[in-house]
Every structure is written in structure tokens, then in C-alpha cells.
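Engineer: Any chance you can model this:
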Amino acid sequence: MLTTSCTDALEMAAILLNIQPGDEVIAPSYTFVSTVNAFVLRGAKIVFVDSNEKIQIWMLLK
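Structural biologist: This next block holds a predicted model:
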């Protein structure tokens, strides 16, 4: 499918994935703010994560 923007594509993805209020969506912490808007508008809880290997290991040991 073609969309006119990445925002439209993310909104379509949120609809197709049936994102509901309270669902958790994982997003990179270093991102543009509108990346998560499509999911926030549907009531999802956004969980920002870092891609630092040391932090990932720490989170696994937690």
C-alpha cells in the first residue's frame, strides 16, 4: 500500500494492529515526536527504550 506520509502509514499500522487503550507500544527513545502520535491517539501506553547494549543487559538482570 502507498500512503502520502509516514504519519499516515503509522496511523494505518495502528488501525491494522488493532491498538487499543492500554496497549503497550515500544518505541526508540531517540525518535521524532510524531512517530508515536498514531498510537497515543488510540490510548496506547508508549514505552521508550534505548538501544545501548549495557542498558539492555541491566534491564534483563533487573
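Engineer: Is Ile26 in a helix, a strand, or coil?
Structural biologist: strand (DSSP: H, G, I helix; E, B strand; the rest coil).
Engineer: Any idea how many residues pack against it?
Structural biologist: Ile26 has 8 neighbours, counted by other Cβ atoms under 10 Å. For glycine as for every other residue, the C-beta is placed from the backbone atoms N, C-alpha and C.
Engineer: now Phe39
Structural biologist: Phe39, neighbours per other Cβ under 10 Å, totals 21.
Engineer: Need the phi and psi values for it.
Structural biologist: Dihedral pair for Phe39: phi -90, psi -40, per degrees, to the nearest 10.
Engineer: ditto for Ile46
Structural biologist: Main-chain torsions, Ile46, degrees, to the nearest 10: phi -90, psi 130.
Engineer: now the closest residue to it other than its chain neighbours: how far from Asp23?
Structural biologist: Of all residues not flanking Ile46 in the chain, Val36 sits nearest, at 4.9 Å (Cβ to Cβ, 6 or more residues apart in numbering). Using Cβ to Cβ, to the nearest Å, Val36 is found at 12 Å from Asp23.
Engineer: These two - which one has more neighbours?
Structural biologist: Applying other Cβ under 10 Å to Val36 and Asp23 shows that Val36 carries more neighbours, namely 19 against 14.
Engineer: Centre of the chain to the longest helix seen in the chain, how far?
Structural biologist: When the chain is parsed with DSSP state H, its longest helix is helix 6-16. Offset of helix 6-16 from its chain centre (Cα atoms, centre = their mean, to the nearest Å): 11 Å.
Engineer: now the angle between strand 24-28 and it, please.
Structural biologist: Angle, helix 6-16 to strand 24-28, by axes from the mean of the first three to the mean of the last three Cα atoms, to 10 degrees: 150 degrees.
Engineer: Since that was my last question, I'll sign off now.
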